[in-house]
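S.K.: sharing a model that was predicted from the sequence below.
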Amino acid sequence: LVDFPYDTTRTALHLALNGVPRRYPRITMNLPHAGGFLPYAAHRFAVAARLHLDSTPEGLLNDIRRFFFDTAVSAGPATLPSLLAFAAPGHVLYGSDFPMIPEAWATGFDTGVDDYPHWDPDQLHAVNRGNAERLFPRLARS
């Protein structure tokens with residue numbers, strides 16, 4: 001059994017603590033499932049960054065915010081607020097996990113994203129399409 005939210009979190013923390021996002025700023029790294037546990041606990045991890053040589057809380061938070069996060073299986077009432085409060089503007093992308101989960105499950109999460117009541121103006125379009133179009137301009141509609 002794979003505990004994917006914590007595996008995603010652990011991998012992202014290892015990358016950030018080792019300075020990978022800073023050393024390779026042109027590489028776009030997308031964390032699935034809203035980054036697992038990362039957005040929720042990022043500030044707690046940042047305090048612990050003091051235990052790692054060459055790391056500061058501010059530096060770790062900056063490195064973590066370089067990641068992109070997708071919404072696959074992450075439309076819960078606690079997940080979206082944590083993700084949107086933490087992620088850098090423009091760094092949240094639509095995700096579905098299809099075909100790995102049944103279509104009915106994916107549709108339920110899509111509805112959760114679409115019906116989230118606290119979107120800022122234009123933010124839902126940005127998550128569903130606009131942010132990805134900025135990452136992949138050749139795929140944008142003309």
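M.R.: Perfect, thanks for sending it.
S.K.: where does the residue most central in space within the chain land in three-state SS?
M.R.: Nearest to the geometric centre of the chain sits Phe69, at 1.9 Å (C-alpha atoms, centre = their mean). What DSSP: H, G, I helix; E, B strand; the rest coil gives for Phe69 is strand.
S.K.: please verify my assumption that it contacts Ala88.
M.R.: No - shown here, Phe69 and Ala88 do not form a contact pair, counting by C-beta atoms under 8 Å, at 9.4 Å. From N, CA and C alone the C-beta is placed, and that goes for glycine too.
S.K.: the residue nearest to the centre of the chain and Gly35: what is the separation?
M.R.: To Gly35, Phe69 is 5 Å away according to C-beta to C-beta, to the nearest Å.
S.K.: so which bits of the top helix by length along the chain are buried?
M.R.: The helix spanning the most residues in the chain, taking DSSP state H as the definition, is helix 4-17. When burial is assessed from 16 or more other C-beta atoms under 10 Å, helix 4-17 yields the following buried residues: 5, 8-9, 12-13, 15-17.
S.K.: what do you get for stretch 101-115?
M.R.: 106, 109-110, 112-113.
S.K.: just the closest of those to Ala75, please.
M.R.: Gly112 (2.7 Å; C-beta to C-beta).
S.K.: how about the closest one: what's its closest non-neighbour residue?
M.R.: Ala75 (2.7 Å; C-beta to C-beta, 6 or more residues apart in numbering).
S.K.: I'd say that neighbour and Trp105 touch.
M.R.: No - using C-beta under 8 Å as the test, Ala75 is too far from Trp105 to be in contact (10.9 Å).
S.K.: next, Glu58: secondary structure please.
M.R.: helix.
S.K.: wait, what's in contact with it?
M.R.: Residues in contact with Glu58 (C-beta atoms under 8 Å, 6 or more residues apart in numbering) are Ala46.
S.K.: nice, that's everything, thank you.
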